[in-house]
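[1] Predicted model and sequence follow; I will ask about them next.
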Number of protein chains: 2
Amino acid sequence: MSAILFPQQVIARKRDGYALTRDEIAAFVRGATDGSWADYQLSALLMAIFLRGMTAEETAALTDAMMRSGTVADLSSVRLPKVDKHSTGGVGDKISLHLAPMVAACGVAVPMVSGRGLGHTGGTLDKLESIPGFRVSLTLQEYRAELEKIGVSLIGQTKDLAPADKKLYSLRDVTATVECIPLICASIMSKKLAEGIDALVLDVKFGRGAFMADKARAKELAAAMVAIGRAMSKPVRAVLTAMDQPLGRAVGNALEVAESIACLKGVGPADTMEVTYALGEQMLILAGVVPDAAVARSRLEEAVRSGRALAKFREIVTAQDGDPRVVDDPSILPRARSIEPLVSRTGGWVRQVDARGVALAALRLGAGRARAEDAVDPAVGIDRLVKIGERVAPGGALCFVHANDPHAAAEARAMLVEAIQVGPEPPPPQPPLVDAILS
Amino acid sequence: MSAILFPQQVIARKRDGYALTRDEIAAFVRGATDGSWADYQLSALLMAIFLRGMTAEETAALTDAMMRSGTVADLSSVRLPKVDKHSTGGVGDKISLHLAPMVAACGVAVPMVSGRGLGHTGGTLDKLESIPGFRVSLTLQEYRAELEKIGVSLIGQTKDLAPADKKLYSLRDVTATVECIPLICASIMSKKLAEGIDALVLDVKFGRGAFMADKARAKELAAAMVAIGRAMSKPVRAVLTAMDQPLGRAVGNALEVAESIACLKGVGPADTMEVTYALGEQMLILAGVVPDAAVARSRLEEAVRSGRALAKFREIVTAQDGDPRVVDDPSILPRARSIEPLVSRTGGWVRQVDARGVALAALRLGAGRARAEDAVDPAVGIDRLVKIGERVAPGGALCFVHANDPHAAAEARAMLVEAIQVGPEPPPPQPPLVDAILS
């Protein structure tokens, strides 16, 4: 029997620095979902939240209300423990593609709802769609059926899951209210918790190529999301990982799928596997199927070695109408018209591979989208990219540029020349890729 | 040759606490006027301005851009000095109605664009419209013609004047961004400066019945508006006046017109005349037609005594199609069906007449509008209201309630009983009504 709350009243309370009540937050989220709040009222409150902040209790209440703004998937028919992974987004981050089947091959269900790339970061859905025929737009029924059958499903957000987030996210993007920890938390966590999971592992990235460059801010975000999990009785762990140079050696949709398949075959790049194992270990621990990280690691390695992880990936591709031959023959993936090396003028050590610069070069080639309505070119991108600390000979390749447009290629190459620095001295030792685990 | 400014960029700059440039402010105001900014972007920036503030330079730039968002009236054909008065809104504040003809009778043109009442404060237009036939919706041509002919015109805001303000004000009202000094300043000053005036006198009210209860905040607002005037080379003076009890003895549209006519006849309430003279003196001083306040005062008193002020009011009513007989016979104004005294149970001294409480009682009777789309009842209201410090006998009248609806009357009477306090001791001496003059 709560009184009617006018939008202005709720906005004024946050504007004046008060913590909003559960009822006020529920009114806001209902207003976003059913249209009873005007967009200009939603955005005024978003700005007030941005500038005034939210307590942990408010953030949890917001997450809960956003999660319940649509369907919360009922996966009780899936008997395995259900654990998902979410990354805050990086460059060359194809980990979901091979981590999901690896973990599923260890007896843990992975219900994974992913997004598309925007700006300089790639999206799992775009990568998956470079596999001929692969369908990411499944209904919640198809999603559940796939999870029941093979223990893993990789789909895109449906309109049923957390519709309030879709509404608020689209407004935040155009009102300069994106970079706000309580709003980021609630957006990520409401979607993930609506998937029907038991637990969640977060890959929170920091560094030049990350959404949040600053490590302290990234840690703050990670801690906030772990706290929401606690408030909502869902175990959540966050792995803080560096994102200064791209992950792996490939950036671009089909090129990353090929690299993910290499990971599943046990021949992936070392840095990619290091982060993959760190995340997979936490997933198995939260699922309760292993006592510790060491056991988890050996299980995951065994899943790769035995071919079960690769087989699980084939099952996913088959279940989602993709061409399963891709697993054995990545050459059936889309291929760019021009594939040319970028050569180093001088010899020396690779001192810098700026993730953001590489990402913008890939964006220029057409691998990403500057605006939500843009289409991506699955074939283009960069592969065989050098890593910091490697030696290159004069005239040696720094990477290969896969392009379908000569102008874009020329511009991208110039950007890559800026992004990749080679010097006469070896670089200082790099900080560890996996910085900390928060739980 | 300034670069295109995306709304998000401008919003983010203010969000992060920077002062906006003239170009950024111009982009915002243009966006509000031509619709190129979405409402949700306007409201996000309004909230950021509310919480981050604006410098004096920003506020002046905002005022200038809003003033130029539409027509700036060209009154060069009006040969007299042109001075207007604006009040931040009070209870029973009918001063514009008689001040404008008083000042015009002293040889100063008064181009006055007024608003309607909203919430607990009344509006000059609603009061004027209680005069049968009176027309406030004049075109800018009619407004100029009236000023040329009789030196005064009392009209409502046209869509040509400061359209950006109309847009932004309507958004502020529903997004909890009204009470913000830079936005209030720019709203008032852009409209007033677009009228084509040479100088402006502000009546900035503080106290329980004022828009800004706090004297320090009201002073801050007054100083900010004087500073804008300086920045825009328009002399502006602000008179700070107390608004704890209603001004005069009448609250309600036709009842206030009758009281204003009494003021023009020299028989108005003392408090109303005190504020009227304080404002009129400053108007004549800014117009340059008198050397000081004392001379101004005698001119204004002479305009009343001689009947010239009343004659000027009759000219206004005639020019704007109202029934001029109202001047001699206020009984032709709309009259409520029931006019009943509210009697005091005890005898004693009037210790409190809470302006806000009286205003809400008048609102309940139908004299004002709770929402912009409501209609007002011109006849209803309160008159013969006691003033603080007066003695009342047991059973003596505290006021008369003019009502057209018995339920509303009963509720309003209960509210008035709360608002008017009578005690056995005389109240402490009241602070002066005119607190300070800022220039």
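    Received it, and whenever you're ready, just let me know what you need. What you see is a predicted model; the values in this text were computed from it and never measured. Residues are numbered from 1 along each chain as shown, chains lettered A, B, ... in the order given.

[2] how close does A:G151 sit to chain B?
    42 Å (CB to the nearest CB, to the nearest Å). Heads up, the C-betas are built off the backbone N, CA and C, glycines and all.

[3] I'd say that residue and A:A109 touch.
    Yes: if you go by CB atoms under 8 Å, A:G151 and A:A109 touch, sitting 4.6 Å apart.

[4] Between those two, which contacts overlap?
    A:78, A:80 (CB atoms under 8 Å, 6 or more residues apart in numbering or on different chains).

[5] now the strands: where do they sit in chain A?
    A:83-87, A:110-114, A:152-156, A:199-206, A:236-242, A:338-343, A:348-353, A:381-383, A:391-392, A:397-403, A:420-423, A:434-438 (DSSP state E).

[6] who does the residue nearest to the spatial centre of chain A bridge with?
    Centroid-nearest residue in chain A, with CA atoms, centre = their mean: A:S87, separated by 3.6 Å. Beta-bridge pairing for A:S87 (DSSP bridges): A:D203.

[7] Need the per-residue pLDDT for it.
    For A:S87, the pLDDT comes out at 94.

[8] Please verify my assumption that it contacts A:L97.
    No: with contacts counted by CB under 8 Å, A:S87 stays clear of A:L97, the gap being 11.6 Å.

[9] residues touching the residue nearest to the centre of chain A, list them.
    Taking CB under 8 Å, 6+ apart as the criterion, A:S87 is in contact with A:93, A:95-96, A:202-205.

[10] ditto for A:G395
    Contacts of A:G395 (CB under 8 Å, 6+ apart): A:343-345.

[11] so which of these comes closest to chain B?
    A:R345 (34.4 Å; CB to the nearest CB).

[12] Count the residues that sit near the closest one.
    A count of neighbours around A:R345, defined by other CB atoms under 10 Å in any protein chain shown, yields 9.

[13] Show me what counts as buried in the lowest-mean-pLDDT helix or strand in chain A.
    Lowest on mean pLDDT, DSSP states H and E among the helices and strands of chain A sits helix A:163-174, with a mean of 92. Residues A:163-169, A:171-172, A:174 are the ones in helix A:163-174 that count as buried (16 or more other CB atoms under 10 Å in any protein chain shown).

[14] list the contacts for the residue nearest to A:I437 when sequence neighbours are not counted?
    In space, and not counting its chain neighbours, A:I437 is closest to A:V239: 5.4 Å by CB to CB, 6 or more residues apart in numbering or on different chains. Shown in contact with A:V239 (CB under 8 Å, 6+ apart): A:201-204, A:275, A:278-279, A:282, A:434, A:436-438.

[15] On the pLDDT front, check A:G122 for me.
    Value for A:G122, per-residue pLDDT: 71.

[16] isn't it right next to A:L363, touching?
    No: at 9.5 Å, A:G122 and A:L363 do not qualify as touching, with contact defined as CB under 8 Å.

[17] more crowded one of those two?
    Per other CB under 10 Å, whichever of A:G122 and A:L363 has more neighbours is A:G122, with 30 against 25.

[18] so how many other residues sit close to the residue nearest to the more buried one when sequence neighbours are not counted?
    Leaving out its chain neighbours, the residue that sits closest to A:G122 by CB to CB, 6+ apart is A:G368, at 6.1 Å. Look at A:G368: counted by other CB under 10 Å, it has 28 neighbours.

[19] Look up phi and psi at A:V290.
    Per-residue torsions, A:V290: phi -140, psi 150 (degrees, to the nearest 10).

[20] per-residue pLDDT, it?
    With respect to pLDDT, A:V290 has a value of 97.

[21] residue contacts, it?
    A:281, A:284, A:296, A:299.

[22] For chain B, what's its nearest residue on the stretch 251-400 of chain A.
    At 11.7 Å from chain B, A:R371 is the closest residue in the stretch 251-400 of chain A, using CB to the nearest CB.

[23] Tell me the pLDDT of that residue.
    Model confidence at A:R371 (pLDDT) stands at 76.

[24] try A:D160
    89.

[25] Then A:S2?
    51.

[26] With A:Q157 instead?
    pLDDT, A:Q157: 85.

[27] Which residue is the nearest non-sequential neighbour of it?
    A:V113 (5.6 Å).

[28] Identify each buried residue in stretch A:267-278, please.
    A:268-269, A:271-273, A:275-278.

[29] and these as JSON lines, adding distance to A:G133 and pLDDT?
    JSON lines is the format used below for the buried residues of stretch A:267-278 (distance: CB to CB, whole Å; pLDDT from 0 to 100):
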{"residue": "A:G268", "distance to A:G133": "24", "pLDDT": "97"}
{"residue": "A:P269", "distance to A:G133": "27", "pLDDT": "98"}
{"residue": "A:D271", "distance to A:G133": "31", "pLDDT": "97"}
{"residue": "A:T272", "distance to A:G133": "26", "pLDDT": "98"}
{"residue": "A:M273", "distance to A:G133": "28", "pLDDT": "98"}
{"residue": "A:V275", "distance to A:G133": "29", "pLDDT": "98"}
{"residue": "A:T276", "distance to A:G133": "26", "pLDDT": "98"}
{"residue": "A:Y277", "distance to A:G133": "30", "pLDDT": "98"}
{"residue": "A:A278", "distance to A:G133": "32", "pLDDT": "98"}
